Structures are given as structure tokens and as C-alpha cells.
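Q: next comes the sequence, and after it the predicted model I'd like to discuss.
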Amino acid sequence: MVIEPRIVHNICLTAHPEGCARQVGEQIAFVRGRPLLSGSGAPPKRALVIGSTNGYGLAARIVAAYGCGASTVGVAFERPGAESKPGSAGWYNDRAFLQIAARDGLGAWSLNGDAFSEGVKSQAMDLVREHLGTVDLVVYSIASPRRQDPRTGVLHSSVIKPIGKPFTGRTVDFQSGVVSEITAEPATSEQEIADTVKVMGGEDWALWIDALEGAGLLADGVITTAFSYIGPSFTAPIYREGTIGRAKEHLERTAGELNQRLAARGGRAVISVNKALVTRASAVIPAVPLYIALLYRVMKDRGLHEVCIHQMHRLFRDHLYSDSPLPTDAEGRIRLDDREMQEDVQAEVARRWAEVTTENLERLTDIAGFRREYLQYHGFGVPEVDYNADVEP
């Protein structure tokens, strides 16, 4: 079938297998073009990546495999392709990674299922036990709108809302290029906040570490990391000070608790605060698409722009497995958003934020880059792919 992008309410419902595969190959080529990580930091050789098929999770798996020579087990919940319907981008990314890793003689196994469930955790333990023995790296990179608590059976749904009062700010429809003002109503109850924390906080990360530790599958010196975000002051009411911010705070507190536990075996748990990037989620959060379009333009003009694979390679090279790791912030977090949050970058983004309109959008922002990256996230707009050709979904 011929697969084309189908976007409804800024959500892309289709993905292209060849485009996804080429992008996975490009990320692998980036890492292979750099020296293997080595030194007293003891780069990982057996990694479990929970949320391994898109964005930062996929990039972390690629760096572990091709930057460190690690065997990897990946867990994610993706929609397989069928004869009459394309699969999700993550499904095609995962198939491509497994094929390339097998060609290159790297151990790689994947499990497709709900990472929140006890059944998938148990299956993942079996894969780790059979193929890796123990793990010396656990990456937690789950992004989901809902989670069923495995203990109570209650289904919790997250919301992205401000807390206490409405948030009114500017945003852009990245497809039409129309800049407008938008108002997001606040969370209607403490339950909405609690549900968001339940889905997007650190509880499930801790349950994974509990399961691995209980099964005797954590190596001495194990490192586990999860990802967070802070962002600028003008998106704070809808992000860091909103419901999702409460979840990130819980995730970060969980890192401290896990770090104390793992220290007994010479291990550590750490949060990496990453840079803003185009994802399925960021495309629909009020104000965030406009901020990212502005940020991309400013960072690219200064030669500071990074995508997921650049960030993850820097995380491993300069922080997790460096002979002299760069310092963390006062809360013990790794700050991969350091370039985004430079004073000169944020000052210029803020200046443009105040000036941008529908009419000057193309001049002041990198909205074209936003659109291109969003499409490529789903395998479209990738050079040298014939999108008019029939492809097996």
C-alpha cells in the first residue's frame, strides 16, 4: 500500500516503515561515527530500556548498543502493522533496530506490551534472565496518557492542565501556521492531579527496580536513569507548575529514594533534565509548539541545536560514564537542557515570543523545522524515500 501522513488535531495517525528505518539507521550511524565509550566509568554491557521505541528511549538504546557495545532488552507498547493498516512509528523503529543490531552481531531483544502491567514486567524479567543474566543499566522513558494500577486495577488518566487558575498564553497550529491565544482551564480536582502523578510520576519506575532487584537481576554498580523537563517561565503555568510538573516532581523524588537504595550495591539513580524537542506530546500541549519553534530557530542560529541522539550520546559520554562526570545541579539532576537554558538563548526566545504573529512566524521561528521534524518522527519527509511506492505495512 501507499502510506501517507494522516494528521488529525495535530496527531499523526500513520507511520512509514521505510522512513522510520532510515531514521534509526541515521541515529546508529551518528553513534558509530564516534569512539566507543570507555574509561573508569565502566560503560554498560547489559541494558534494559523501558520505553525503547521512540525519542529519548530509542536514542538511549542506540547509544548503549553502538556506543558501549551493550546487549539490550527493550520494552514498549506499540501498534503492529497489519495488511490493511500501518503500525505505529515505534513499531517500525523497533523492527529496524532489531534487524540492524542482528546484522551487526549485537544482542537485542524486544517485548511489546503494557510496561505498567505485572505480566509484562514478568516477561521482561524472563528475557533479561535468559539473555543478559543481570543488567547494569536501566533506562526508564515511558510516556503514556493512562495507566492501570496493577495492584488495584484502577485505570488512571493523566491531564495536562494548570493548577489553581486558568492559563492564557500564545500558541501556534503548526500545520496552518496560525498564531493565536489559548486558554487552558485548571485541574478541576485534586484527583486529576493525583491521577496525573500516578501515570507520569515515579511509581512505576520504582516498581520496575523492585521487580529487578527481587529477581536478583540488578548488577552491582547498576545505573538507572529517567527523564524530566523544566522549561522556560512562560510555559511554566501549563507545564512545570501544572499537573505534569507535579508528576515530574514525583519522578525526581523517586530518583532520590532509588539512589539511596542502590548505593548499597555501588549503584545510582539519576534524573536527566533534557532539552525541549518535537514529540507527539509536545505538538499538542498549549504554548509548547510555539516555544519549540522559537527555540529551534535561536539554537540553530547559535550552533547549539541537538536532537535526541545528540543528547543521549552526551548523557552517556559526559555524565553517566565519564572519567570526570560533569556536575549535577543543586537537586542532583543532570542538566542536558543547559544549552537551551543559557541566558542569551532564553532572552532571545523571550524577545521573539513577545513579537511573533501569524504574519512574521516564518521569519522569527523555525516552524518549518518543527513541521519537518514532526513528520520525520513518523517516518515521513525522509530524504531518499519514495513515498509514492507501495510498501508492506
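A: Yep, that arrived.

Q: quick one: contacts for the spatially closest residue to Ala82 that is not a sequence neighbour?
A: Nearest residue to Ala82, sequence neighbours excluded (CB to CB, 6 or more residues apart in numbering): Pro393, at 6.6 Å. Glycine gets a C-beta too; all of them are placed from N, C-alpha and C. Counting by CB atoms under 8 Å, 6 or more residues apart in numbering, Pro393 makes contact with 1, 3, 17, 81-87.

Q: let's see it at 10 Å
A: Residues in contact with Pro393 (CB atoms under 10 Å, 6 or more residues apart in numbering) are 1, 3, 14-17, 80-87, 91-92.

Q: how about Ala143?
A: Contact analysis of Ala143 by CB under 10 Å, 6+ apart lists 51, 54-57, 158, 199-200, 227, 279-281.

Q: for the stretch 201-350 of the chain, what spans make up the helices?
A: Per DSSP state H, counting those that start in this stretch, the stretch 201-350 of the chain carries helices over the ranges 203-214, 243-262, 288-301, 308-314, 343-355.

Q: tilt between the second one and helix 203-214?
A: Angular relation of helix 243-262 and helix 203-214 on a 0 to 180 degree scale: 20 degrees, by axes from the mean of the first three to the mean of the last three CA atoms, to 10 degrees.

Q: return the list of helices and strands in contact with helix 243-262.
A: strand 135-140, helix 190-200, helix 203-214, strand 218-228, strand 268-273 (3 or more CB pairs under 10 Å, 6 or more residues apart in numbering; DSSP states H and E).

Q: picking that back up, so which of the contacts of Ala143 is the closest to Glu190?
A: Checking the contacts of Ala143 against Glu190 by CB to CB gives Ser158 as the nearest, at 14.3 Å.

Q: burial count for that closest one?
A: When neighbours are defined as other CB atoms under 10 Å, Ser158 has 22 of them.

Q: related to what we said a few turns ago, make CSV out of the helices of the stretch 201-350 of the chain and add mean neighbour count, mean pLDDT and distance to Val139.
A: Conversion of these to CSV gives the following (neighbours: other CB atoms under 10 Å; pLDDT from 0 to 100; distance: least, CB to CB, whole Å):
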stretch, mean neighbour count, mean pLDDT, distance to Val139
helix 203-214, 18, 98, 10
helix 243-262, 19, 97, 13
helix 288-301, 23, 97, 23
helix 308-314, 22, 97, 9
helix 343-355, 15, 97, 27
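
Q: so which of those helices is nearest Pro237?
A: helix 243-262 (9.3 Å).

Q: export the closest one as PDB, just CAs?
A: The C-alpha coordinates for helix 243-262 follow below in PDB (Å, rounded to 0.1, in the frame of the first residue of the first chain):
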ATOM      1  CA  THR A 243      -0.300  18.800  36.700                       C
ATOM      2  CA  ILE A 244       2.600  17.400  34.600                       C
ATOM      3  CA  GLY A 245       5.000  19.400  36.800                       C
ATOM      4  CA  ARG A 246       3.700  17.600  39.900                       C
ATOM      5  CA  ALA A 247       4.300  14.300  38.100                       C
ATOM      6  CA  LYS A 248       7.900  15.400  37.300                       C
ATOM      7  CA  GLU A 249       8.500  16.400  40.900                       C
ATOM      8  CA  HIS A 250       7.300  12.900  42.000                       C
ATOM      9  CA  LEU A 251       9.600  11.300  39.400                       C
ATOM     10  CA  GLU A 252      12.500  13.400  40.700                       C
ATOM     11  CA  ARG A 253      11.800  12.500  44.400                       C
ATOM     12  CA  THR A 254      11.700   8.800  43.300                       C
ATOM     13  CA  ALA A 255      15.200   9.200  41.900                       C
ATOM     14  CA  GLY A 256      16.400  10.300  45.300                       C
ATOM     15  CA  GLU A 257      14.800   7.300  47.000                       C
ATOM     16  CA  LEU A 258      16.100   4.800  44.500                       C
ATOM     17  CA  ASN A 259      19.500   6.400  44.700                       C
ATOM     18  CA  GLN A 260      19.700   5.700  48.400                       C
ATOM     19  CA  ARG A 261      18.700   2.100  47.900                       C
ATOM     20  CA  LEU A 262      21.100   1.400  45.000                       C
END
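
Q: what's the closest non-adjacent residue to Leu13?
A: Arg6 is the one closest to Leu13 (CB to CB, 6+ apart), at 4.6 Å.

Q: dihedrals phi and psi, the one you found?
A: Backbone torsions for Arg6, taken as degrees, to the nearest 10, come to phi -120, psi 110.

Q: residues contacting it?
A: Residues near Arg6 by CB under 10 Å, 6+ apart: 12-15, 86, 378.

Q: what does the model give it for pLDDT?
A: pLDDT recorded at Arg6 is 94.

Q: that one and His378: what is the separation?
A: Separation of Arg6 from His378 (CB to CB, to the nearest Å): 10 Å.

Q: do the same with Glu78
A: 13 Å.
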